[in-house]
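[1] Provided below for reference: sequence and predicted model.
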Amino acid sequence: MKVLLFLAEGFEDLEAISILDVMGWTQYREWVPTIEVVTTGFRPVIRSRFGLRIEPDIPFDGIEPSDYAALAIPGGFHSHGFDEAYDERLRQLARDIHVQGGWIATFCVGVLPVAEAGLLKDKQATTYPYSRNHDNLGRLEELGARVVDEPVAVDDRIISCAGPASSLEVAWRLLEGLLGAALSEEVKRLMRVDDRESRVDENREMKYQIQQKDGELTIGVDGAASGNPKLLDAFQKCREGRCDCSTDEYDKLEGIQVEQTKDHLSLRLKVKPGQSLDRNAVAACMDHTLMKSTKSN
């Protein structure tokens with residue numbers, strides 16, 4: 001899966017780096033599809049506002065829109081060359097990627113070329129409000145968008161934000177749009193965004209709890225997922241040492257006990273003396289197992 005990162009001269013550094021960094025973290029779980037970021041622009045070397053110099057991976061004329069699941073457009077500084085983003089070539093690229101079902105992630109004034117492309121008529125969006133010589137919010141409204149006073153807005157697979165402080169949130173929203181809630185939560189966990197001990201995937205109506213006491217770790221699954229025969233089979237495989245998860249945490253166990261009632265499924269993990277389990281690694285394995293069992297059911 002590929003994301004095309006368009007960089008105009010004078011682009012805002014943090015906004016571009018957020019896409020590169022968050023998508024890069026998809027490489028660190030074998031069951032998470034890797035998202036490759038491909039950079040492009042109108043110049044052979046593109047300079048950011050605060051010192052980065054980027055040689056694009058692909059020239060703009062070499063882009064095949066069907067190769068990309070998303071387009072990301074960081075904002076930038078008009079005083080340092082960002083005006084080149086208001087080019088019909090970029091507007092058409094946004095249309096081409098969006099019409100094929102792709103996502104568009106914009107930052108600050110990076111939303112304006114998308115609005116100029118006609119993609120935000122009657123849709124919620126926001127942009128940077130403090131430009132010295134430009135009424136960005138007024139321009140966005142003129143182009144037909146419903147301007148909202150929010151840090152981040154998402155409407156019809158188009159993400160916009162009010163400033164660089166929301167850069168990571170935009171990248172995470174794009175990640176979730178591309179991979180779904182369960183896999184994006186795993187990437188966020190790896191980045192230490194959220195270390196919740198109880199996780200909920202509202203799209204699949206699944207939840208579980210992890211509790212630790214007296215050398216045992218108990219995982220409880222409630223609701224519809226607890227009656228899923230494929231989930232029970234996955235737990236049985238773990239008990240036999242054949243877990244699908246890429247983790248060595250199960251080497252630290254003396255045994256695993258699986259118990260099932262009508263509305264509850266539990267997995268009791270007894271730890272070997274002198275060993276301790278990484279709860280985050282166990283939680284990641286649970287996310288993977290729940291997602292896989294529900295998807296294949």
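    Structure's in. What do you need?
[2] In the chain, where is pLDDT below threshold?
    Residues of the chain meeting the criterion pLDDT under 70: 194-207, 214, 222-228, 246-247, 262-263, 293-297.
[3] Could you pick out the longest helix of it?
    helix 279-295 (DSSP state H).
[4] now the helices: where do they sit in the stretch 51-200 of the chain?
    For the stretch 51-200 of the chain, applying DSSP state H, counting those that start in this stretch gives helices covering 88-99, 111-116, 136-142, 167-179, 181-190.
[5] tell me the contacts of the closest residue to Ser48 other than its chain neighbours?
    Nearest residue to Ser48, sequence neighbours excluded (CB to CB, 6 or more residues apart in numbering): Asp13, at 4.6 Å. The C-beta positions use only the backbone N, C-alpha and C, and glycine is treated the same way. Asp13 makes contact with Ser48, Arg49, Phe50, Gly51, Leu52 under the criterion CB atoms under 8 Å, 6 or more residues apart in numbering.
[6] residues contacting the spatially most central residue of the chain?
    Note on the chain: the residue nearest the mean C-alpha position is Leu175, at 1.8 Å, using CA atoms, centre = their mean. Counting by CB under 8 Å, 6+ apart, Leu175 touches Val22, Met23, Thr26, Ile35, Ser184, Val187, Lys188.
[7] Try it again at 6 Å.
    Val22, Ser184 (CB atoms under 6 Å, 6 or more residues apart in numbering).
[8] Give me the distance between it and Ile104.
    Note on Leu175: its distance to Ile104, by CB to CB, to the nearest Å, is 14 Å.
[9] All the strands of the stretch 1-150 of the chain, in order from the start?
    Ranges of strands in the stretch 1-150 of the chain, per DSSP state E, counting those that start in this stretch, are 2-6, 36-40, 46-47, 53-54, 70-73, 103-106, 124-125, 146-147.
[10] Likewise for the stretch 151-297 of the chain?
    Ranges of strands in the stretch 151-297 of the chain, per DSSP E, counting those that start in this stretch, are 152-155, 158-161, 198-201, 206-213, 216-222, 253-260, 264-271.
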